[in-house]
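K.L.:
Just the structure for this:
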Amino acid sequence: MTAQSVLDAVRRVEEAPLADLVGVSVDDVEAQMDHLLGPEIDTASLYRRWERQQWAVSDLDFSADVQHWQNLPASTRQVMQNTMTLFFIGEQAVTDTLAPLLYAAPYEDERIFLATQIADEARHTVFFQRFFEEVLEVGGGLHAALEAIGPRATEGFRKIFEHQLVDAMDLVRREPHNGRAWVEGVVTYHLIIEGYLAVAGQRSLLRLLRNVGMMPGFVAGFTAVARDESRHIGFGVLALRRRIAKQPEMARVVTLKVLELLEPAVRTAVAPDRRLPIEDPRTVPPPLRVNGQELRDFALSSLAKRLRASGVSEPAAEEIRVQGVDLYEAAWSEYERKHGLRHPVRFYQEGLVSAL
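P.N.:
Modelled structure (predicted):
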């Protein structure tokens, strides 16, 4: 993209009302996310964006989504519901646990922005709860959503959210003046959960649904979620850049925490313990295919980009990206050993199939 086309994409995303977000492309959303990593972005500009970009879950119309969902192949519905459930878990978990990070933030402008993030996460939880009830016909909130996909589906995810995240936030709560603990909390939230896991899932779901022109209510709402998350990620990068500029040794703290979280994060993305409902992607129409190799490259490159913007050195960011590639390969191979069949990504690696 040229500099002008990037600015045009950013403007489309940032100025679109909720009803118009259904027509905003994933590429534009990603351009806007990258724009918010720039050194000229500060907490005041992020807060102003929050004020301008308010939206209401109650304004979404899911009537078309109900019919579209039933028209999707059963295997595609299962893959999508698995991903949506992980988002549902994530949104509720961060809503419930973000408060210590806000309380311990040493600067007033950071506390103000983190207050907006808690409000955003609560809205995202309501979005998924309403979608699950009205479209997927899974009532009863998060517990029922988890039961619908089975307990083994989220092994890596549970390690991140029930252990790593909880432990990081508990340490911040107990030691609010511990600067290293606060930095590690930001890495967990803003770099791994939002800047790695969430952006890849958003890209996969939104591209697939736009390919087939289906589920406009979900697409509009989930694009609004992605726009909110772009502010959160931008804040996380800004907060880490502040610390590293004042204390260069904090770059090592950031790197070590990312390395600690990378394996369970990759296992969340691949979930080798869960057998996929789609074994041969050649049986799936091209618009509904998801190239796991392309998604891996996007997720790891996005993480490395955010690390560099935070002030981590290029060699350290590249080392993390390379280790991530190895972890994906190990997880794919583990899947094949566990289930006795080839992982669908092999069809893309061997050029046997392609996706739109």
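
K.L.:
Check which element follows the least confident helix or strand in the chain by mean pLDDT along the chain.
P.N.:
Scoring the helices and strands of the chain by mean pLDDT, DSSP states H and E places helix 141-149 at the bottom, with a mean of 66. Proceeding N to C from helix 141-149, the next assigned helix or strand is helix 155-158, under DSSP states H and E.

K.L.:
Which parts of that next one count as buried, going by neighbours?
P.N.:
Using 16 or more other Cβ atoms under 10 Å as the test for burial, helix 155-158 gives 156-158. Any C-beta I mention is one placed from the backbone N, CA and C, and that applies to glycine too.

K.L.:
Check which helices and strands it sits against.
P.N.:
Contacts defined by 3 or more Cβ pairs under 8 Å, 6 or more residues apart in numbering; DSSP states H and E place helix 155-158 against helix 74-97, helix 250-270.

K.L.:
Would you indicate which residues of the helix or strand following that helix are buried?
P.N.:
For helix 155-158, the succeeding helix or strand toward the C-terminus, using DSSP H and E, is helix 165-174. For helix 165-174, the neighbour count (16+ other Cβ under 10 Å) marks 165, 168-169, 171-173 as buried.

K.L.:
Looking at those residues, which one is closest to L307?
P.N.:
Closest approach between the buried residues of helix 165-174 and L307, by Cβ to Cβ: A168, at 17.8 Å.

K.L.:
Test my guess that that closest one contacts T188.
P.N.:
Yes: if you go by Cβ atoms under 8 Å, A168 and T188 touch, sitting 4.8 Å apart.

K.L.:
From the centroid of this protein, which residue is nearest?
P.N.:
A198 (0.6 Å; Cα atoms, centre = their mean).

K.L.:
Now for the nearest residue to that residue once chain neighbours are set aside, how many residues are close by?
P.N.:
In this structure, A198 finds its nearest non-sequential neighbour in E229, 5.7 Å apart by Cβ to Cβ, 6 or more residues apart in numbering. By the measure other Cβ atoms under 10 Å, the count of residues near E229 is 23.

K.L.:
same thing with A122?
P.N.:
Close neighbours of A122, defined as other Cβ under 10 Å, add up to 16.

K.L.:
just L191 next, same as before
P.N.:
By the measure other Cβ under 10 Å, the count of residues near L191 is 26.

K.L.:
Equivalent analysis for T76, please.
P.N.:
Count around T76 with other Cβ under 10 Å applied: 18.

K.L.:
and if you look at T255?
P.N.:
Neighbour count for T255, taken as other Cβ under 10 Å: 19.

K.L.:
Kindly report the same for Q53.
P.N.:
20.

K.L.:
K305 too?
P.N.:
The number of residues packed near K305 is 17, by other Cβ under 10 Å.

K.L.:
again with L101
P.N.:
Neighbour count of L101, defined by other Cβ under 10 Å: 27.

K.L.:
so what's it scoring on pLDDT?
P.N.:
On the pLDDT scale, L101 is placed at 97.

K.L.:
isn't it right up against E184?
P.N.:
No: assessed by Cβ under 8 Å, L101 is found out of contact with E184, at 10.4 Å.

K.L.:
pLDDT weak spots in the stretch 101-250 of the chain?
P.N.:
When residues are selected by pLDDT under 70, those of the stretch 101-250 of the chain lie in 142, 145-154.

K.L.:
change it to 90
P.N.:
Low-confidence segments of the stretch 101-250 of the chain (pLDDT under 90): 137-159, 161-162.

K.L.:
so where do the helices sit in it?
P.N.:
108-134, 141-149, 155-158, 165-174, 179-186, 199-212, 216-246, 250-270 (DSSP state H, counting those that start in this stretch).

K.L.:
Could you identify which of these is most buried?
P.N.:
Highest mean neighbour count of the helices of the stretch 101-250 of the chain: helix 216-246, a mean of 23 (counted as mean count of other Cβ atoms under 10 Å).

K.L.:
Any idea how far that helix is from the middle of the chain?
P.N.:
Counting by Cα atoms, centre = their mean, to the nearest Å, helix 216-246 is centred 10 Å from the centre of its parent chain.

K.L.:
quick check: angle from that helix to helix 108-134?
P.N.:
With axes from the mean of the first three to the mean of the last three Cα atoms, to 10 degrees defining the directions, helix 216-246 sits at 160 degrees from helix 108-134.

K.L.:
orientation of helix 216-246 relative to helix 74-97 in degrees?
P.N.:
Using the same axes, to 10 degrees, the inter-axis angle of helix 216-246 relative to helix 74-97 is 50 degrees.

K.L.:
sorry, back to before: want to throw the buried residues of helix 165-174 into CSV with distance to I192?
P.N.:
Listed next are these as CSV, based on distance: Cβ to Cβ, whole Å:
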residue, distance to I192
L165, 9
A168, 10
M169, 13
L171, 16
V172, 15
R173, 19
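
K.L.:
Does the residue nearest to the centre of the chain touch I89 like I think?
P.N.:
No: assessed by Cβ under 8 Å, A198 is found out of contact with I89, at 11.7 Å.

K.L.:
Quickly list what's touching both of these two.
P.N.:
Shared contacts of A198 and I89 (Cβ atoms under 8 Å, 6 or more residues apart in numbering): none.

K.L.:
re earlier: which among the helices of the stretch 101-250 of the chain is found nearest to M80?
P.N.:
helix 199-212 (6.6 Å).
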